[in-house]
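J.: no sequence for this one, just the structure:
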């Protein structure tokens, strides 16, 4: 399989990125490079250099699937079935505890039922579910009644307006009949096979642990069918003290209750997925036979790079920056960044419809991560491998529409996973734009991206496909986020493809800055040490790059005279230390916060001790930012400012802004978690 994958070229993939009727979904980067009218829409190095002059899928992202103490596999491994048959489910002892998913088919899943006379009995919830769903269901109202019969606590709260509008107004009568007569029975049959398809306990991927879970695509489809029918127990409340308050929602009840147009379109995506994967009564030919892996990564703060001492030149990192294309369409073979909510999926099961939510509905297998992934902490990320794409779409946010079928031609690895690798990293949501330039908050973003981009294998790391991470609703500035991600790619030895999503000005700004880094041999530590002083000068965001040029020019005389040629830069990449470890050893959030506060205080005290103006090396320099801070250096932050990181980390929920066990990076490599 590996040899076949290596024969695939960018042109080959272009043929695979088709809609169901054979039309191209979007132009790819190879087309950009060949464009002569008006010039290419990209800047920087060629896409071939991003792939290290190899084919897109030649480099390994993760190790093959292998069950271990830290990697749970829910099917028999190695797989003995033919490629056209789904893997056989692994049998295990059922568990009903705080460390595993509470499955609705468990004997311990019980539900109180109140009779007409007021008496109450405890019944097996799975039997209630079977009884309700095996009755004829011909309308959205009947579907709502069936779901509420085993969720009686919410009978006066849930009203499935989205389903009523979709099947009563949006779709024509024939389409609605097809859903209730053909598709819904298939979804129900698949959901009720849960005891057969998932016979081993599903571990919760909890905070502070490096842990992975691999399932077959058939198992994922069964679990998602149950989520669609709202069968998972104890997952309907979002109260702070509830058992799953630190987990995303998984039942679809919230999605069904909105009437916004984008919600209808998301439901269409999900129904299309079930149409593709649910077997017909006498035909199982459409059952997916692949596998998917979800890996939770955790790193101790002592494992993070010492950014202030990192000697790697930023110019060694190949950068391809484009104003055209999207991560999911043009990022094939690369580590694709999910601009995540710390609650995986964000508002995908409500009204949210931006980058992460769209990715989750066109690749619905990603949704199952919400079942078992606890909210991400500052030094955690989730890597998702093998999820297939089923839909094409148009628009974004309010203009989002399901468009057509997508036939995913991405090759599979030796573990039957599509060679699509997505990393979920959550950015901070900033209440005030200038907060993002505080040292401790930029440090948090650097470390978050480092955990996500870290490569645990000994082989060269594939490139990263990213863009304006944490911008938009979360208030981040793309000019800053581009530099932070470039720094992380430099330290992790990954090339970077950066999508500006139509922003030509940003494309050219970042490319110009990267060219400056190359020509002037700017090191990671140089950029970081200048960046962390920006906040103290009280400048506007638009002045960031002018400030950087000015301050970095001051350092030029102290930088070594090193050639910026590609060959020399490659030698530097291998010669220089990737990073120096921090000496801190943190074991709790309070200790983490204490270190961040101490760092902020140290910077503030240094600024406060400076008096007068700093003399410029260039008398004619009109952009002398060191002497322009109108009110002088900032005073020492007050207590509320010191805890800003914690405040921002808790400032939003699934809908957006509103004791840990150490795991070393060497442990990550040793475990070969994938």
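T.: Perfect, thanks for sending it. The model shown is predicted, which means the values in this text are computed figures rather than measured ones. Numbers count the residues shown, from 1 in each chain.
J.: is it true that residue 501 touches residue 467?
T.: Yes: using CB atoms under 8 Å, residue 501 is in contact with residue 467, at 6.0 Å. C-betas here are computed from N, CA, C, even on glycine.
J.: When those two are compared, which one has more neighbours?
T.: Neighbour count, other CB atoms under 10 Å: between residue 501 and residue 467, residue 467 has more, with 25 against 19.
J.: burial of the residue nearest to the more buried one when sequence neighbours are not counted, as a residue count?
T.: With CB to CB, 6 or more residues apart in numbering as the criterion, residue 467 has its nearest non-adjacent residue at 4.0 Å, and that residue is residue 499. Counted with other CB under 10 Å, the neighbours of residue 499 add up to 25.
J.: Dihedrals phi and psi, residue 499?
T.: As for residue 499, its main-chain torsions (degrees, to the nearest 10) stand at phi -100, psi 120.
J.: what's around residue 200, how many residues?
T.: If you count neighbours by other CB under 10 Å, residue 200 ends up with 18.
J.: Please tell me how far it sits from residue 216.
T.: From residue 200 across to residue 216, the span is 12 Å (CB to CB, to the nearest Å).
J.: same question, residue 44
T.: Distance of residue 44 to residue 216, given as CB to CB: 40 Å.
J.: Kindly report the same for residue 70.
T.: The gap separating residue 70 from residue 216 is 20 Å, by CB to CB.
J.: go on, residue 350?
T.: Relative to residue 216, and taking CB to CB, residue 350 is found at 28 Å.
J.: Between these two, tell me which one has more neighbours.
T.: residue 216 (28 against 21).
J.: Can you tell me the closest non-neighbouring residue to the more buried one?
T.: Leaving out its chain neighbours, the residue that sits closest to residue 216 by CB to CB, 6+ apart is residue 87, at 4.6 Å.
J.: Report the contact partners of that neighbour.
T.: 75-77, 79, 81, 216, 218, 289, 291, 416 (CB atoms under 8 Å, 6 or more residues apart in numbering).
J.: Now, of those, which are buried?
T.: 75, 77, 79, 216, 218, 289, 291, 416 (16 or more other CB atoms under 10 Å).
J.: and the fifth one, what helix or strand is that in?
T.: Put plainly, it is residue 218. According to DSSP states H and E, residue 218 maps onto helix 217-228.
J.: ok, and what's touching that helix?
T.: 74-75, 86-87, 89, 104, 187-188, 190-191, 193-194, 197-198, 215, 232, 250-252, 270, 273-274, 277-278, 287-292, 364-365, 367-368, 371, 386, 388.
J.: Which of those residues fall within helices?
T.: Of the contacts of helix 217-228, the ones assigned to helices by DSSP state H are 187-188, 190-191, 194, 197, 270, 273-274, 277, 371.
J.: returning to what we had before: next helix or strand past the helix holding residue 218?
T.: With elements assigned by DSSP H and E, the helix or strand that comes after helix 217-228 is helix 253-256.
J.: what's next to that next one, contact-wise?
T.: Contacts of helix 253-256 (CB under 8 Å, 6+ apart): 144, 147, 151, 154, 158, 160-163, 230, 236, 263, 266-267, 348-350.
J.: Distance-wise, check residue 72 relative to residue 211.
T.: On the measure of CB to CB, residue 72 and residue 211 end up 8 Å apart.
J.: Can you check which residues contact both of the two?
T.: Applying CB under 8 Å, 6+ apart, one finds that residue 72 and residue 211 are jointly contacted by residue 203.
J.: Which of the three states applies to the residue nearest the centre of the chain?
T.: The chain has residue 424 as the residue nearest its centroid, 2.1 Å off, counting by CA atoms, centre = their mean. Following DSSP: H, G, I helix; E, B strand; the rest coil, the label given to residue 424 is strand.
J.: list the contacts for the residue nearest to it when sequence neighbours are not counted?
T.: Leaving out its chain neighbours, the residue that sits closest to residue 424 by CB to CB, 6+ apart is residue 340, at 3.8 Å. Taking CB under 8 Å, 6+ apart, we find residue 340 in contact with 346, 356, 376, 382, 424-426.
J.: Of those, grab the buried ones for ChimeraX.
T.: The following ChimeraX line selects those of those that are buried, judged by 16+ other CB under 10 Å:
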select :346,356,376,382,424,425,426
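J.: Might you report the residue contacts of residue 163?
T.: Shown in contact with residue 163 (CB under 8 Å, 6+ apart): 140, 143-144, 256, 267.
J.: If we use 6 Å, what do you get?
T.: Counting by CB atoms under 6 Å, 6 or more residues apart in numbering, residue 163 touches 140, 256.
J.: in which helix or strand would I find it?
T.: For residue 163, the host element (DSSP H and E) is helix 161-165.
J.: Just the buried positions in that helix, please.
T.: Using 16+ other CB under 10 Å as the test for burial, helix 161-165 gives 161-165.
J.: what do you get for stretch 266-273?
T.: For stretch 266-273, burial by neighbour count (16+ other CB under 10 Å) applies to 266-273.
J.: Could you do stretch 371-379 as well?
T.: Using 16+ other CB under 10 Å as the burial criterion, the residues of stretch 371-379 that qualify are 371-379.
J.: Rounded mean pLDDT for it, please.
T.: Across stretch 371-379, the average pLDDT comes to 98.
J.: so what pLDDT did the nearest residue to residue 533 once chain neighbours are set aside get?
T.: Spatial nearest neighbour of residue 533, excluding adjacent residues (CB to CB, 6+ apart): residue 551 at 7.4 Å. The per-residue pLDDT reported for residue 551 equals 96.
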